[in-house]
Each structure stands twice: as C-alpha cells, then as structure tokens.
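Enquirer: Build me a model from this:
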Amino acid sequence: MKRTWEDVHRKNSRIRQRTRGCNCISRKTHVTILRWPINVSRSSIQAHSTDYPYNAFEGLCMDVDMRLSICSTKLGRKFNLAAKVFYNSNTSNLHVSLRQYAVVDPEKSEAFALIHDLQWAIYTRPDDSIDVAMDLRELFETRCASPHERASDDGRTLLHVGRIYLPGSTFGDDTFSRNYAITPCSPIQMSLL
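Expert: Reported below is the predicted structural model:
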C-alpha cells in the first residue's frame with residue numbers, strides 16, 4: 001500500500017482535532033499542613049480528568065512550599081528561609097532562598113527619622129518634602145538603610161510607616177489639597193522605592 005503525503009497530513013490533522021476538543025476541568029488543591037513554627041503547604045494541579053485518554057501523559061504537578069522566619073533582636077536581623085519543591089511526572093526542581101532584614105531601634109534609625117520628617121514636612125512645609133524624600137532615597141541608594149528594615153519595638157517596616165495620607169479638607173483649601181495631597185501611590189513614595 002502506498003502512502004502519500006496527503007494521507008499522512010490527513011491522519012495528523014485528525015489526531016489534532018481529537019486532542020483539541022478537551023473539555024476537562026482542571027483540579028487544583030491547596031493544603032496547609034503546618035502554620036507554626038514552620039509554614040508548610042502543598043499545592044497540586046491535575047489538568048485533565050482521570051477518564052481523559054491523554055491524562056496518563058500529563059501527570060500531576062505538585063508544589064511543596066516550606067518557610068521559616070526567625071527574628072533576633074540581639075543580632076539585629078530577621079531571617080526568612082524558604083524551600084520550594086516542584087515536581088511533575090518527568091521533572092523535579094528545588095528552589096532554596098535565604099533573606100535577611102535589619103531590625104533597628106526606630107528612635108535611633110536615620111531612615112525612620114527621615115520618614116517622620118517627611119510626614120511633618122508634608123503638613124507644614126510641602127515644598128521642602130521633596131528634599132527630605134531625596135535624602136531618604138540617598139540612604140537607600142548608598143545601602144545605609146532599606147525599606148524592609150523592621151522596628152525592634154513593634155515589627156513595622158519603613159514601608160508600613162511610610163504610608164502617608166493627607167486629607168483634602170485638612171487646610172480647607174482645595175488648591176492646596178489638589179497640589180499636595182499624598183496618596184498611597186504618590187510620586188514621593190514611588191521615589192522612595
């Protein structure tokens with residue numbers, strides 16, 4: 001029997017048509033195994049139904065995520081250790097990360113003082129607030145401070161403290177509130193990041 005190119009192409013297109021019409025609903029599950037002192041969770045995705053003919057080729061994708069946070073005021077550091085294992089029917093990956101953040105006294109930290117000065121400058125002398133914001137940015141660029149530094153007393157970061165709001169009716173002047181109102185996404189705050 002002689003096969004032509006058209007026969008092969010026709011057969012391949014029939015196979016593609018059969019597999020293209022998959023109406024399976026993927027099943028996703030997320031289970032938190034442990035929350036404290038170590039956060040352990042597992043997520044899995046099954047793309048096809050168990051009775052779908054191509055399900056055996058797809059397999060099950062699963063993530064196992066483990067995280068541990070340790071904060072030491074004596075060392076002045078907070079450590080986040082994370083490990084993530086991803087595997088499916090053919091491959092597996094392991095991703096491990098360690099991050100550390102400074103834990104500082106907010107009354108002695110220059111960055112926390114500049115955030116306080118910035119809030120004060122916005123209310124009293126808005127034109128000088130840009131200079132204060134640039135000083136804070138310079139601290140970040142020279143790596144003398146980080147937006148992720150935590151206060152030793154209550155665990156706030158500079159990002160928590162830096163959420164600055166100025167109500168429009170504070171000074172009763174709509175021109176002032178239009179020109180100097182600070183929202184969570186203001187250019188001053190964007191320059192800090």
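
Enquirer: make it CA atoms for all contacts and neighbour counts henceforth
Expert: Will do.

Enquirer: Looks like Ile115 contacts Val161 (just checking).
Expert: Yes: if you go by C-alpha atoms under 8 Å, Ile115 and Val161 touch, sitting 7.3 Å apart.

Enquirer: More neighbours: the two, which one.
Expert: The residue with more neighbours, out of Ile115 and Val161 and counting by other C-alpha atoms under 10 Å, is Ile115; that gives 20 against 14.

Enquirer: sorry, back to before: overlap of the contact sets of Ile115 and Val161?
Expert: Counting by C-alpha atoms under 8 Å, 6 or more residues apart in numbering, Ile115 and Val161 have no contacts in common.

Enquirer: Excluding covalently adjacent residues, which one is nearest to Leu98?
Expert: Leaving out its chain neighbours, the residue that sits closest to Leu98 by C-alpha to C-alpha, 6 or more residues apart in numbering is Leu81, at 4.6 Å.

Enquirer: Who are the contact partners of the one you found?
Expert: Applying C-alpha under 8 Å, 6+ apart, the residues contacting Leu81 are 67-69, 96-99.

Enquirer: Can you tell me the element it falls in?
Expert: Taking DSSP states H and E as the definition, Leu81 sits inside strand 77-87.

Enquirer: Output the contacting helices and strands for the following helix or strand past that strand.
Expert: Once the chain leaves strand 77-87, the next helix or strand it forms, by DSSP H and E, is strand 92-104. Strand 92-104 sits against strand 77-87, strand 150-151, with contacts defined as 3 or more C-alpha pairs under 8 Å, 6 or more residues apart in numbering; DSSP states H and E.

Enquirer: can you put those strands in JSON lines and add distance to Met134 and mean pLDDT?
Expert: Formatted as JSON lines, these follow (distance: least, C-alpha to C-alpha, whole Å; pLDDT from 0 to 100):
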{"stretch": "strand 77-87", "distance to Met134": "26", "mean pLDDT": "90"}
{"stretch": "strand 150-151", "distance to Met134": "21", "mean pLDDT": "84"}
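
Enquirer: which of these sits most buried?
Expert: Comparing the helices and strands packed on strand 92-104 by mean neighbour count (mean count of other C-alpha atoms under 10 Å), strand 150-151 ranks first with a mean of 23.

Enquirer: Which secondary structure element of this protein has the lowest mean pLDDT?
Expert: helix 174-180 (a mean of 43; mean pLDDT, DSSP states H and E).
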